[in-house]
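# Everything below, folded, please.
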Amino acid sequence: MTIIGMLHHRKDPKTVIKAYAFAAVAAAEGADFYYFSPGEVNFATRTIKGQVYEKGKWKLKVMPFPDVIYNAGSPEKLAKSKNVMQKLKSEIPFTTHSIGNKWSVNRRLKKAKEFASYLIPAEILKTTDQLHHYITAFNKIVFKPVDGRKGKGIFFIVAEGNGYKVSGQGLNKLFSKLELDEFIRRKMKAESFIVQPYIQSVTKNGQVFDFRLHVQKNGTGDWVITAIYPRIAPEGSIIANINSGGYTNYLDPFLEQEFKEEAFNIRKKLEFFSLSLAKHLDELQMEKFGEVIDEIGVDIGMDEQQKLWIYEVNWRPGCPPTFYLELDVVTNTIQYAIYIADNQKVIQSKIREVKRKRSNGKEKIPVIGITGSAGKTTTKAFLASILAKKWNVFESKDYWNTTEHTKKHAAEINDSHRAVVLEYGMAYPGVITEHCKIIQPTISIVTNIGLAHVGNFNGDPRGVAKAKSELIHGMDQQGVLCINKDNDHSRYLETKKFKGEILTVGIKRPADYRAYDVNYTDSGMSFKMKLQAEEIELFIPIFGEHHVYNALSAIAIADNLGFSPMEIKSGLLFKKPPRRLTIYDLKNNIKLIDDTVHSHPEGVRAAIDVLKNIAKKRKIAIIGQMRELGDLREQEYRKVGDYINQQEIDVLITYGFRTEEIGAQAKLKGMDASKIFHFTDREKLHTLLDSVIQKGDTILVKGASKTNMFETVKYMDGKYS
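As a prediction, the model looks like this:
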């Protein structure tokens, strides 16, 4: 006869309502059953002081170790008895194993890829800026605790006029930005929170609903559906959870009422999804931990297109309410406990088989190489952020783009990575060929061909294009290549012999991925585009039209790899590379723009565009030396001087060798000479700033990292913060 032990953190079974049901069903199924807590285990004698239900009462008895343990307690509270738990697991099979909190389940499904498209994009919230980027991109968002249960702690935030409407947990209030930020910070101090877009399922009469899928293993070790039922939020509420006031209905009448002739197909879709997800999570548990799971509860929504979205996955779901299914749940659990007690060899064999199949079945991962005269790092950051919405991504560090860096990356990439995103830099011919020999890309992006390093190619952009074309020749010739249709010099790229697919991006010219209605917002850029036959509006949290091109390249590749518009939209809310148009809000309403990593003529003009578009009062440009222009230096410096005058910059300060030529050209074109300054001494430049800067100024500091223009950023931040 099988002995089943029910493990719980509480000592008294009378405080655990379901304990009686388990005792009754175990007796009916011919199994011995007792209840115990970790403190009652004696490993020396292999006995446990357990509670046995006899003649209407729980009686304390010394019992032998059980054949199987049903783990019913709180993982957090049982963790206090970690050593006991580990010893028990090493000797006795458990029916139930934790699959983690909602965030760890989310990450596990993302890594596994198969069900990642059903996940709502989400991030652990670390800053209030991150929250505002989500609101800007999606307008309606969800803010909920990582370890929350039963619908508790969930808030919905909507941008409304000049404020934000926050609802949930009895709150329904309009906040200002300052009030919202304080509210969010206060919540984040207490626990970790997730932020995600709000996907709403609504009935015909406007009530929010979701579906609960309850799936278990039975007495033969197979997954079966215990219940599928809708949960409907009360009128005026947006939380359908039963513990938050929601109520349930039977599935068939609900589907027939809401979906009519589609009801049968939707029911089948829900049933197939339930069992498929359960089997998938079970296999992931086998692969990762060598364990099996026995029960899950999944909360899902269905949007207007009848696409399913996973809200939450729970590994300890409560019994379905109002359907008289408590005994069904308990019966499946007891029968499965008997099964695993008697079939450990079969289960272990299945675990080994799953590990073998999943190891052998791993597909070739996409390796994306990115080069170009400008925008490599930002494009890489955009693309890696999007891909990370579903996959575990290897991303090269910011500005790590030499062949020595690529050698290090080759040693760090492993089987856990589902995609690789790398930046390939070069200053001379042959360098990118070497990159490709170390790690060959299957997908490539050439952001643009410009004047960076043009002095190393006799001042001819065609030489730069030829060197960048080494990426096209060195990549998988059946792969995917993305190029910029608006960039004139990109026509020199050597694409004629390439046999793969070429994707184009643009704003001004027709392209496969074309942005329009490009606008500056308070915290970045918004634009529209057609994606998967629909018009969508997108937002990136970085200023400048040139960064819209970088986003388009990332969008093109992500779309080609099968990512949804929702995943792309969420992924564009990336972590911006440091010192790339970083905005500092200083005292006296002074705004400082730090763009001090690279500098070339196209980049300087792009940064000046940003200065012009975000400044509310005076515009001050501090421009450092542009290196490796060769014989084009004088000509390109004059063009920058022309542009500064055209954009009506109020004060121009140049720094470094020969940069006075920029100011001379601006003066020649009509800029007031008293507003033009030049320095080769940084201390004197900083002294001037103390006398020139006024309240409300917006100041751009632009220069290559080798000219140490960041020192000026640090000086101003220290002076005016």
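# Which of the helices or strands spans T379?
Assigned by DSSP states H and E, T379 belongs to helix 376-387.
# for the stretch 51-200 of the chain, what spans make up the helices?
75-78, 82-91, 102-112, 128-138, 177-190 (DSSP state H, counting those that start in this stretch).
# what domains does the record give for this structure?
Residue ranges for the domains of the chain, per automatic domain parsing: 3-91, 102-119+202-360, 123-197, 367-571, 582-720.
# okay, the ones you listed in CSV with mean pLDDT and mean neighbour count next?
Just so you know, the C-beta spots here come from the backbone N, C-alpha and C atoms, and that holds for glycine as well. Output for the domains of the chain, formatted as CSV (pLDDT from 0 to 100; neighbours: other CB atoms under 10 Å):
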stretch, mean pLDDT, mean neighbour count
domain 3-91, 94, 17
domain 102-119+202-360, 87, 17
domain 123-197, 88, 17
domain 367-571, 92, 20
domain 582-720, 92, 19
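# re earlier: which other helices and strands does the helix holding T379 contact?
Helix 376-387 sits against strand 367-371, strand 393-395, strand 419-423, helix 545-560, helix 565-571, with contacts defined as 3 or more CB pairs under 8 Å, 6 or more residues apart in numbering; DSSP states H and E.
# Show me what the first one is packed up against.
Strand 367-371 makes packing contacts with helix 376-387, strand 419-423, helix 431-438, strand 443-446 when contacts are defined by 3+ CB pairs under 8 Å, 6+ apart.
# distance between it and the chain's centre?
Relative to the centre of its chain, strand 367-371 is centred 20 Å away, using CA atoms, centre = their mean, to the nearest Å.
# so it versus strand 419-423, what angle?
Relative orientation of strand 367-371 versus strand 419-423 (axes from the mean of the first three to the mean of the last three CA atoms, to 10 degrees): 20 degrees.
# contacting residues around strand 367-371?
With CB atoms under 8 Å, 6 or more residues apart in numbering as the test, strand 367-371 has contacts from 376, 379-380, 383, 419-426, 432, 435-436, 439-447, 468, 471, 475, 553, 557.
# now could you export just the CA positions of that strand as CSV?
What follows is strand 367-371, C-alpha atoms only, in CSV (Å, rounded to 0.1, in the frame of the first residue of the first chain):
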residue,chain,number,x,y,z
VAL,A,367,24.1,35.7,-35.3
ILE,A,368,23.6,39.4,-36.2
GLY,A,369,26.7,41.4,-37.1
ILE,A,370,26.3,45.2,-37.3
THR,A,371,28.6,47.7,-38.9
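# Now do it and helix 431-438, the angle between them.
170 degrees.
# neighbouring strands for strand 367-371, and are they parallel or not?
Strands that pair with strand 367-371, judged by DSSP bridges, come out as strand 419-423 (parallel), strand 443-446 (parallel).
# quick one, that strand and helix 376-387 angle?
Compare the direction of strand 367-371 with that of helix 376-387 by the same axes, to 10 degrees and you get 150 degrees.
# show me where the stretch 201-350 of the chain has helices.
Secondary structure of the stretch 201-350 of the chain by DSSP H, counting those that start in this stretch: the helices cover 251-259, 263-289, 326-342, 344-360.
# Phi, psi for the closest residue to M302 other than its chain neighbours please.
The shortest distance from M302 to any non-neighbouring residue, by CB to CB, 6 or more residues apart in numbering, is to S201 (5.0 Å). The phi/psi pair for S201 (degrees, to the nearest 10) reads phi -100, psi 120.
# For the residue nearest to the spatial centre of the chain, what are phi and psi?
Closest to where the C-alpha atoms of the chain average out (CA atoms, centre = their mean) is K389, at 4.1 Å. Taking degrees, to the nearest 10, you get phi -70, psi -20 for the backbone angles of K389.
# Now do the same contact list for the spatially closest residue to it that is not a sequence neighbour.
What sits nearest to K389 in space, not counting adjacent residues and going by CB to CB, 6+ apart, is E567, at 4.3 Å. Counting by CB under 8 Å, 6+ apart, E567 touches S117, P121, I386, K389, K390, A558.
# what about the nearest residue to N458 once chain neighbours are set aside, distance to E470?
Closest residue to N458 apart from its sequence neighbours, by CB to CB, 6+ apart: G630 at 7.2 Å. G630 is 20 Å from E470, where distance means CB to CB, to the nearest Å.
# and if you look at F65?
Shown here: F65 relative to E470, a distance of 66 Å by CB to CB.
# Next: S74.
58 Å.
# Could you do I449 as well?
Noted for I449: a distance of 13 Å to E470, by CB to CB.
# again with F138
With CB to CB as the criterion, F138 and E470 are 40 Å apart.
# One more: A23?
Per CB to CB, A23 is found 73 Å from E470.
# And for N588?
50 Å.
# what's stretch 700-710 in contact with?
579, 592-599, 603-604, 607-608, 610-611, 619-627, 655-656, 682, 712-713, 716.
# Endpoint to endpoint, that stretch covers what distance?
11 Å (CA to CA, to the nearest Å).
# just how off-centre is it within its chain?
That offset, for stretch 700-710, works out to 31 Å (CA atoms, centre = their mean).
# mind listing what I351 touches?
I351 neighbours (CB under 8 Å, 6+ apart): M286, G290, E291, V292.
# how about 7 Å then?
Residues in contact with I351 (CB atoms under 7 Å, 6 or more residues apart in numbering) are M286, G290.
# Do I have it right that K279 meets W223?
Yes: using CB atoms under 7 Å, K279 makes contact with W223 at a distance of 5.9 Å.
# what are the ranges of the helices in the stretch 401-550 of the chain?
Using DSSP H, counting those that start in this stretch, helices in the stretch 401-550 of the chain cover 403-412, 431-438, 461-468, 470-474, 545-560.
# For K364, find the nearest of these.
In this view, the helices of the stretch 401-550 of the chain are compared for proximity to K364 by CB to CB, and helix 545-560 is the closest at 15.1 Å.
# neighbouring contacts of that closest one?
Residues contacting helix 545-560 (CB under 7 Å, 6+ apart): 368, 375, 378-379, 382-383, 386-387, 443, 445, 447, 480, 482, 484, 503, 505, 507, 512-513, 515, 518, 525, 527, 531, 540, 568, 571-572, 606, 609.
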